[in-house]
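1. Generate a structure from the sequence data that follows.
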Amino acid sequence: MTVLQRPPLDLSATTVGVLPQIAARIDDAIAIRHDLHRHPELAFEEHRTSSRVAELLQQWGYQVTTGLGGTGVVGTLQRGQGTRRLGLRADIDALPIHEDSGLAYASQRDGLMHACGHDGHTAILLSAAHYLARHGRFDGTLQLVFQPAEETGSGATKMIDDGLFERFPVDAIYGLHNWPGVPTGHFGFVDGPAMASVDWAQLRVVGNGGHGAEPQHAVDPILAAAHIVTALQSVVSRNVDPRQMGVVTVGSIHGGKAANVIPDVVELTLTVRAYLPEVRDTLRRRVIDIAEQTAAAFGARAEISFPRGFPSVINHPEQTALVRDVAHAAFGRGQVVEDFAPRTASEDFAFLLQARPGSFVFVGNGDSAPLHSPRYVFNDAAIAPAASLWARLAEHYLVESTT
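-> Numbering: from 1, shown residues only. Modelled structure (predicted):
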C-alpha cells in the first residue's frame with residue numbers, strides 16, 4: 001500500500017488559488033446553484049434539494065444515504081486504508097422571504113427565497129465533492145453532510161439524534177458561511193467563540209384591564225411592560241463583564257387596541273445572545289428576574305416562555321489552526337482576513353461542534369445586501385475559492401500518519 005504523506009504547508013507562498021479542475025467546471029457549479037436558487041425549500045421540506053444532491057453524489061461515485069434527520073443527505077467516499085475521517089457540512093434550507101433581487105434565476109416559489117446563501121454553500125460542497133471524487137489524492141474517509149433546517153436550529157440536532165456520528169464517524173467536522181461585506185473569496189477564521197448563542201423569550205405581562213378614564217381601577221400591563229423594556233436595558237450594561245458580549249433585544253410589543261381601553265395583557269418577544277455559556281446563563285436569569293419583579297412592582301404578573309435556542313459556535317483551536325494554515329498556503333495571507341471578528345448571528349453548526357472537534361469558516365460574499373434581506377444575492381465568484389479550500393483541506397487532512 002502506498003501511504004500518502006501530508007504535503008508541507010508553505011506559509012511564504014503568495015497565492016496558489018483556485019484548483020484548475022474546479023475552475024474548469026465552474027459553469028456547472030454555478031448552474032447547480034442557480035437551479036437550487038429557483039427552487040427554495042423550507043426546513044424539513046427540502047425534498048427536491050436532497051434528491052438533486054443525492055443524484056449528483058451517486059453519479060460521482062459516493063455511497064449516499066438519504067433521509068437522515070428527515071431530509072438530510074450524507075455522501076461517503078473512502079480511499080485506501082487510511083483511518084482518518086473528515087466531515088464537511090453544508091446547509092440546504094431556505095427562508096420564508098419574498099425575493100426582491102431582480103435575478104433572472106430568482107425564486108419560482110412565491111414567498112420563499114435562498115436569502116442566506118445556503119444554495120451557494122451546497123454548490124460549494126458539491127463542487128469540492130466532484131473534484132475529490134475525480135481528482136482527489138487522499139487516503140481515508142470523507143463524509144459530506146448536507147444538513148436540513150439550519151434556519152430553525154433543529155436540523156443539526158435531528159441528524160445527530162438519527163445517529164450521524166455513529167453511522168458516519170468523523171475525527172473532525174468543518175462548515176462555512178458566506179459573509180457580506182468581506183471581499184469575495186477571502187476567508188475569515190475565528191479561534192474560540194465565532195458566533196453567538198441565541199435564545200428567544202416570549203413574555204406576557206398580565207394585568208387587569210379597564211377604562212382609560214379610570215386607570216385607578218385597573219392594573220395597567222402597558223405601564224408595567226414599558227418599565228420592563230427599560231429595565232432590561234440594564235442587563236448587559238450592569239450584569240455582564242464589559243469585556244464580554246451580550247445582547248438583549250425586545251423585538252416586538254403588542255397590547256391594546258383602543259386609546260381609551262386599558263388591556264388585560266401585553267405580549268413581548270425577545271432575542272438574547274452571548275458568546276460564552278456563563279454569560280448566556282446570566283442573561284437568562286436576569287431577564288426572568290427583571291420581568292417578574294418589575295411586573296410585580298406594578299401589581300401585574302409576568303408569564304415567561306424561554307426555551308433554549310442555539311448554543312454559541314465555539315471553534316476548536318487545533319482544527320481552526322489547521323484550516324487557517326491550509327488557506328494561507330493555498331491562497332496566500334493576502335486572501336485571509338487576519339483580524340476577522342466573531343459574529344453575533346447564530347448557527348446550529350454549534351451542535352455539531354459540541355459533538356465533535358472542528359471549525360466554522362467564513363468566506364467573503366463581497367458588497368452584497370445583508371443576509372436574510374429580500375435583496376440578498378449570493379456571489380457566484382465565491383464558489384471556486386471556497387470549494388478549493390474544502391478540497392485542499394480534505395487532501396491535507398486525509399493522509400495516514402507514518403509516525
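2. Quick one: neighbours of A24, just the number.
-> 12 (other CB atoms under 10 Å). Quick note: C-beta positions are derived from backbone N, CA and C, even for glycine.
3. Can you give me the distance of it to A327?
-> Plainly put, A24 is 22 Å away from A327 if you go by CB to CB, to the nearest Å.
4. Equivalent analysis for T294, please.
-> Applying CB to CB, the value for T294 to A327 is 49 Å.
5. Then V399?
-> In terms of CB to CB, V399 sits 18 Å off from A327.
6. of the two, who's got more company?
-> Taking other CB under 10 Å, V399 and A327 do not tie; A327 has more neighbours (25 against 19).
7. Isn't that one up against V337?
-> No - if you go by CB atoms under 8 Å, A327 and V337 don't touch, sitting 10.2 Å apart.
8. shared neighbours of the two, which are they?
-> Listed as contacting both A327 and V337 by CB atoms under 8 Å, 6 or more residues apart in numbering are F187.
9. For the stretch 1-150 of the chain, just list every one of the helices.
-> Ranges of helices in the stretch 1-150 of the chain, per DSSP state H, counting those that start in this stretch, are 20-24, 26-38, 47-59, 118-134.
10. Contacts only, for H39.
-> Here H39 is in contact with R48, T49, S107, Q108, R109 (CB under 8 Å, 6+ apart).
11. so which of those is the most crowded?
-> T49 (25 neighbours).
12. Please produce a markdown table containing the helices of the stretch 1-150 of the chain, extended by mean pLDDT and distance to V74.
-> Converted to a markdown table, the helices of the stretch 1-150 of the chain look like this (pLDDT from 0 to 100; distance: least, CB to CB, whole Å):
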| stretch | mean pLDDT | distance to V74 |
| --- | --- | --- |
| helix 20-24 | 96 | 22 |
| helix 26-38 | 98 | 18 |
| helix 47-59 | 98 | 9 |
| helix 118-134 | 98 | 12 |
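13. Looking at the contacts of H39, which one is closest to G120?
-> Nearest to G120 among those: T49, at 12.9 Å, using CB to CB.
14. Nearest spatial neighbour of the closest one, chain-adjacent residues omitted?
-> Spatial nearest neighbour of T49, excluding adjacent residues (CB to CB, 6 or more residues apart in numbering): I92 at 5.0 Å.
15. Now do the same contact list for that neighbour.
-> Each residue near I92 by CB under 8 Å, 6+ apart is listed here: 41, 46, 49-50, 53, 71, 118, 121-122, 146-148, 150.
16. Output the residues you listed as CSV; include the columns distance to D139.
-> Listed next are the contacts of I92 as CSV, based on distance: CB to CB, whole Å:
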residue, distance to D139
E41, 36
E46, 33
T49, 31
S50, 29
V53, 25
T71, 32
H118, 31
H121, 27
T122, 27
F146, 24
Q147, 26
P148, 31
E150, 31
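17. Please, where are all the strands along the stretch 201-350 of the chain?
-> Applying DSSP state E, counting those that start in this stretch to the stretch 201-350 of the chain gives strands spanning 210-211, 246-254, 261-262, 265-274, 301-305, 313-315, 336-337.
18. Including distance to A133, mean pLDDT and mean neighbour count, could those strands go into CSV?
-> Shown next, in CSV, are the strands of the stretch 201-350 of the chain (distance: least, CB to CB, whole Å; pLDDT from 0 to 100; neighbours: other CB atoms under 10 Å):
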stretch, distance to A133, mean pLDDT, mean neighbour count
strand 210-211, 71, 98, 14
strand 246-254, 43, 98, 15
strand 261-262, 67, 98, 18
strand 265-274, 39, 98, 21
strand 301-305, 47, 98, 16
strand 313-315, 28, 98, 25
strand 336-337, 27, 96, 16
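19. can you give me the end-to-end distance of stretch 212-225?
-> Start and end residues of stretch 212-225 are separated by 17 Å (CA to CA, to the nearest Å).
20. Now do the buried residues in it.
-> Buried residues in stretch 212-225, counted by 16 or more other CB atoms under 10 Å: A218, V219, D220, P221, I222, L223, A224, A225.
21. Tell me which of the strands of the stretch 201-350 of the chain lies nearest to Q233.
-> strand 246-254 (7.6 Å).
22. How far does the closest one sit from its chain's centre?
-> Here the centre of strand 246-254 is set off from its chain's centre by 21 Å, with CA atoms, centre = their mean, to the nearest Å.
23. That strand pairs with which strands?
-> Strand pairing for strand 246-254, using DSSP bridges, gives strand 265-274 (antiparallel).
24. tilt between the strand it pairs with and strand 301-305?
-> Here the directions of strand 265-274 and strand 301-305 differ by 50 degrees (axes from the mean of the first three to the mean of the last three CA atoms, to 10 degrees).
25. Give me the residue at the spatial middle of this structure.
-> Closest residue to the average C-alpha location of the chain: E347 at 3.1 Å, with CA atoms, centre = their mean.
26. so who does that one touch?
-> Applying CB under 8 Å, 6+ apart to E347 gives the contacts E150, G175, H177, M195, F310, V313, F360.
27. rerun that using 6 Å as the cut-off
-> M195, V313 (CB atoms under 6 Å, 6 or more residues apart in numbering).
28. Same question for Y131.
-> Contact partners of Y131, counting by CB under 6 Å, 6+ apart, are Q21, I22, A391.
29. A201 versus that one, what's the distance?
-> Noted for Y131: a distance of 45 Å to A201, by CB to CB.
30. Repeat that for Q319.
-> Remark: distance between Q319 and A201 (CB to CB) = 33 Å.
31. Helices of the stretch 301-403 of the chain, residue ranges please.
-> Taking DSSP H, counting those that start in this stretch to define them, one finds helices in the stretch 301-403 of the chain at 317-331, 349-355, 383-397.
32. which of the residues in stretch 69-88 are buried?
-> For stretch 69-88, burial by neighbour count (16+ other CB under 10 Å) applies to 69-80, 82, 84-88.
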